[in-house]
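Q: I would like the atomic coordinates for the input below:
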Amino acid sequence: MKKIKKMYSFLFQKNIIFLFQALITVNALSTHYTVPKASMTNNIIVSSIYRLKSVVNMYGVKNTIIFIALFFFYKKTYKTIKNIELSKIPSLIISIVLSILNVMAISMEQMKNLNFIFQNKFQFLYSLIVILGYLILINRLFNIGIIEINKFKDKKIISNSKFNKIGDFLNSNTIIKFMAIIIVCWMPYIIARFPGVIGADAFFQLNQYFKGAPLTSHFPVFSTFFVGTLVRIGKIFGENNSIFLVTVINVLFNSFSFAYAINYLRKKELKVSLQLIILGFFSIFPLWPYWATRINKDSLYFAIFLLFVVFLCRKIRDKDNSIKVNIGLCISSISLGMFRNEGVIIALIALVIVLAINRKKTDLIILVVNFGISVVLLLFITSNLGVEKGSKNEMMTIPFQCTARYVKQYKNEVTPREKKAIGKILNYEKLETLYKPHISDPIKGTAGSKPYNPFPSSKEWEDYFTTWFRMGIKHPRVYLEAIVAQTHGYYLVYDKLFSYAGWPERSINPNLKKWYNISFESQLIFPRMNLFINSIKNVFLRLPIIGLLGNQAVYFWIFGFAISYILSMKKWTELIVSIIVCFQYGTVFLSPIDGSYRYVLPLAAVIPFLLFLLFLKEKKEKPNE
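A: Numbering: from 1, shown residues only. Modelled structure (predicted):
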């Protein structure tokens with residue numbers, strides 16, 4: 001053991017370890033995601049040399065500069081990490097997970113499969129080298145980030161006249177002032193996109209509300225009536241202004257939610273400079289005014305989710321059992337289920353956790369009220385308003401995509417019995433042609449199509465999943481590829497994924513207007529100004545570092561870092577809040593479209609808030625009564 005330690009110390013002293021780390025990292029960052037010819041993979045050494053040649057190939061100058069920078073980075077930060085007592089295991093585990101996901105995602109994006117990893121044993125070993133390169137870099141960055149946050153928290157506040165004036169200005173009517181700042185910054189977008197932009201789901205909901213189609217529980221019925229009623233009231237001010245009332249409600253509620261969250265951090269003595277950063281994120285970054293002026297259930301859900309998380313922090317982190325907090329938690333938890341179907345489950349899970357931790361009667365009452373209202377509303381609506389039962393297909397994105405990819409690649413191996421079981425749920429004959437790796441709607445659209453039963457029996461579902469597991473055991477890689485193809489846009493920071501982001505730009509989609517009998521007209525009043533605003537948005541997305549926030553996958557990595565910090569510093573109350581974020585991420589990975597920004601909106605709002613929570617100093621405070 002002593003000899004190993006001496007050898008390890010020698011390697012560090014001679015900089016050999018740092019050279020190795022830099023070389024492995026550069027190799028990972030510059031690797032071409034291709035598979036060498038079969039003749040080159042018979043020998044692992046030959047295959048590795050083929051891969052490592054990227055360091056000295058046509059990209060040699062760039063890679064050499066990166067190599068030198070990484071060498072000094074690893075060398076300089078080694079002593080910093082070594083001399084500070086810090087639990088490094090959580091960061092290591094999360095870095096491993098992120099590295100594996102990153103390599104699988106890049107392989108899927110560039111090669112449309114996982115051959116980069118599973119082509120053969122030599123390729124598998126090389127992929128481990130690439131994963132190791134990412135692991136070294138990510139783990140080091142996470143550890144340095146954790147140390148720097150702690151240093152920032154311990155740093156004494158130096159008096160700054162500008163910050164002092166800002167702090168004094170925000171001491172009164174803080175929420176109103178934050179809201180005013182946000183709305184003023186959003187005003188160009190509100191004007192340019194007047195009266196508002198209608199999302200596809202809103203078309204479906206308005207079509208149901210105005211009796212153009214039967215009501216279904218596919219969309220939360222409360223959300224359908226909420227938007228429909230506002231549009232009906234808005235018609236008083238003219239056909240083209242009918243949706244502007246919805247835009248106004250969105251803008252006011254979104255800005256209030258952001259202001260309330262920032263004010264919570266301010267009350268917990270977050271430094272003024274950080275308050276300004278998060279305020280700038282919510283007020284200046286184009287993502288938020290774009291979605292605030294979009295008519296869609298998601299435009300309110302993410303704001304409700306943020307408020308819900310803030311109230312959870314007050315209940316769990318601050319032990320605040322005041323009437324205001326209990327009412328706020330109760331209303332926000334109920335509202336989650338009113339604007340997204342999965343919101344009911346997330347709210348109930350969170351409230352059960354709160355009850356288990358605090359063991360207060362008020363928490364039990366909130367849980368019972370939430371569950372009671374959710375069930376009563378559901379029973380009342382379905383029985384009195386003639387709402388059609390929603391399909392289970394919305395929850396089946398991953399199983400259906402796995403089945404479709406399996407049939408596409410191994411159709412000849414599907415037995416008659418398996419074909420029959422699949423055919424009871426999906427239109428088997430169309431799976432091969434309709435399968436799209438990034439979107440499950442075409443496959444889900446075959447479920448229940450005539451002459452198939454729209455509501456399969458429990459026995460038919462049981463047969464399908466028995467078949468599903470049996471097929472998965474035969475070819476597990478196909479299932480893994482289907483899952484990565486359907487989800488990688490949510491954890492791969494990659495330029496080409498912007499095409500999936502879905503930033504809304506049009507007032508009314510002409511095709512949807514044609515397909516659905518919407519009983520009102522609406523067009524943008526200032527189309528040229530909207531084009532100008534779009535160009536500003538594109539400039540933001542191309543800015544260094546800041547532009548990355550326009551990629552939905554960035555928030556997954558920020559969340560990974562936040563979890564690393566929380567576990568390393570043993571901040572258990574923040575971990576409980578993070579669990580709720582994990583459940584929300586679960587719904588994202590089950591969504592029908594890979595890399596769609598609207599599914600990430602609740603996380604894009606909450607994760608920065610969670611990140612800034614880490615900058616708060618530990619301080620025991622009496623709950624506000």
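Q: now for the nearest residue to Met111 once chain neighbours are set aside: which residues touch it?
A: The shortest distance from Met111 to any non-neighbouring residue, by C-beta to C-beta, 6 or more residues apart in numbering, is to Tyr33 (5.6 Å). (Glycine included, C-beta is placed from N, CA and C.) Counting by C-beta atoms under 8 Å, 6 or more residues apart in numbering, Tyr33 makes contact with 106-107, 110-111, 116.
Q: can you select the buried ones from those in PyMOL?
A: Entered in PyMOL, the line below selects the buried ones among the contacts of Tyr33, by 16 or more other C-beta atoms under 10 Å:
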select buried, resi 106+107+116
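Q: same list, the contacts of Tyr33, but as CSV with pLDDT please.
A: Listed next are the contacts of Tyr33 as CSV, based on pLDDT from 0 to 100:
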residue, pLDDT
Ile106, 93
Ser107, 93
Gln110, 90
Met111, 91
Phe116, 91
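Q: now, which of the contacts of Tyr33 sits nearest Ser127?
A: Ser127 has its nearest neighbour among those in Phe116, at 5.9 Å by C-beta to C-beta.
Q: hang on, that closest one packs against Ala105?
A: No. The criterion here is C-beta atoms under 8 Å, and Phe116 misses it with Ala105 at 10.8 Å.
Q: could you dump the contacts of Tyr33 into CSV with secondary structure and distance to Asn551 added?
A: Listed next are those as CSV, based on DSSP: H, G, I helix; E, B strand; the rest coil; distance: C-beta to C-beta, whole Å:
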residue, secondary structure, distance to Asn551
Ile106, helix, 14
Ser107, helix, 19
Gln110, helix, 17
Met111, helix, 21
Phe116, helix, 22
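Q: TSV for the contacts of Tyr33, including distance to Leu575?
A: Shown next, in TSV, are the contacts of Tyr33 (distance: C-beta to C-beta, whole Å):
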residue	distance to Leu575
Ile106	30
Ser107	32
Gln110	35
Met111	37
Phe116	34
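Q: what segments of the stretch 501-625 of the chain are helices?
A: For the stretch 501-625 of the chain, the helices defined by DSSP state H, counting those that start in this stretch occupy 510-515, 527-541, 554-568, 572-589, 597-613.
Q: if you could redo that for the stretch 151-300 of the chain, that was the one I meant.
A: Here the stretch 151-300 of the chain has its helices, by DSSP H, counting those that start in this stretch, at 161-169, 174-192, 200-209, 221-234, 244-267, 272-283, 287-292, 298-312.
Q: okay, the angle between the second one and helix 244-267?
A: For the pair helix 174-192 and helix 244-267, the angle between their directions (axes from the mean of the first three to the mean of the last three C-alpha atoms, to 10 degrees) equals 140 degrees.
Q: in the chain, which spans are strands?
A: For the chain, the strands defined by DSSP state E occupy 197-198, 294-295.
Q: what's the last one packed up against?
A: In terms of contacts (3 or more C-beta pairs under 8 Å, 6 or more residues apart in numbering; DSSP states H and E), strand 294-295 is packed against strand 197-198, helix 244-267.
Q: please tell me how far the residue nearest to Met111 sits from Leu86.
A: For Tyr33, the distance to Leu86 equals 34 Å [C-beta to C-beta, to the nearest Å].
Q: how about Lys315, what does it touch?
A: 321, 325, 329, 354, 358, 363.
Q: hang on, I meant Asn143
A: In this structure, Asn143 makes contact with 77, 81, 86, 88, 91, judged by C-beta under 8 Å, 6+ apart.
Q: so which of those residues are in helices?
A: Per DSSP state H, helices hold the following members of those: 77, 81, 91.
Q: just the buried ones from those residues, in PyMOL syntax?
A: Buried members of the ones in helices among the contacts of Asn143 can be picked out in PyMOL with the line below, counting by 16+ other C-beta under 10 Å:
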select buried, resi 77+81+91
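Q: how about the ones in helices among the contacts of Asn143 in CSV, adding pLDDT and distance to Gly472?
A: Putting these into CSV (pLDDT from 0 to 100; distance: C-beta to C-beta, whole Å) gives the following:
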residue, pLDDT, distance to Gly472
Thr77, 89, 43
Ile81, 83, 41
Ser91, 93, 33
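Q: got the ones in helices among the contacts of Asn143 as a markdown table, with distance to Phe469 columns?
A: Putting these into a markdown table (distance: C-beta to C-beta, whole Å) gives the following:
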| residue | distance to Phe469 |
| --- | --- |
| Thr77 | 46 |
| Ile81 | 44 |
| Ser91 | 35 |
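Q: just the helices and strands packed on strand 294-295: most buried one?
A: Comparing the helices and strands packed on strand 294-295 by mean neighbour count (mean count of other C-beta atoms under 10 Å), strand 197-198 ranks first with a mean of 26.
Q: would you confirm that Gln21 contacts Leu70?
A: Yes. With contact defined as C-beta under 8 Å, Gln21 and Leu70 form a contacting pair (7.2 Å).
Q: dump the C-alpha coordinates for stretch 283-298 into CSV.
A: Taking C-alpha atoms only, stretch 283-298 is exported to CSV below (Å, rounded to 0.1, in the frame of the first residue of the first chain):
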residue,chain,number,x,y,z
SER,A,283,-36.8,39.8,-16.9
ILE,A,284,-34.2,40.1,-19.7
PHE,A,285,-33.7,36.6,-21.1
PRO,A,286,-36.2,36.2,-24.0
LEU,A,287,-37.5,32.7,-22.9
TRP,A,288,-39.9,34.1,-20.3
PRO,A,289,-41.7,36.9,-22.3
TYR,A,290,-42.0,34.5,-25.2
TRP,A,291,-43.9,32.0,-23.1
ALA,A,292,-45.7,34.6,-21.1
THR,A,293,-47.3,35.8,-24.3
ARG,A,294,-48.2,32.3,-25.5
ILE,A,295,-51.7,30.9,-24.8
ASN,A,296,-51.0,27.5,-23.4
LYS,A,297,-51.6,25.6,-20.2
ASP,A,298,-47.8,25.4,-19.8
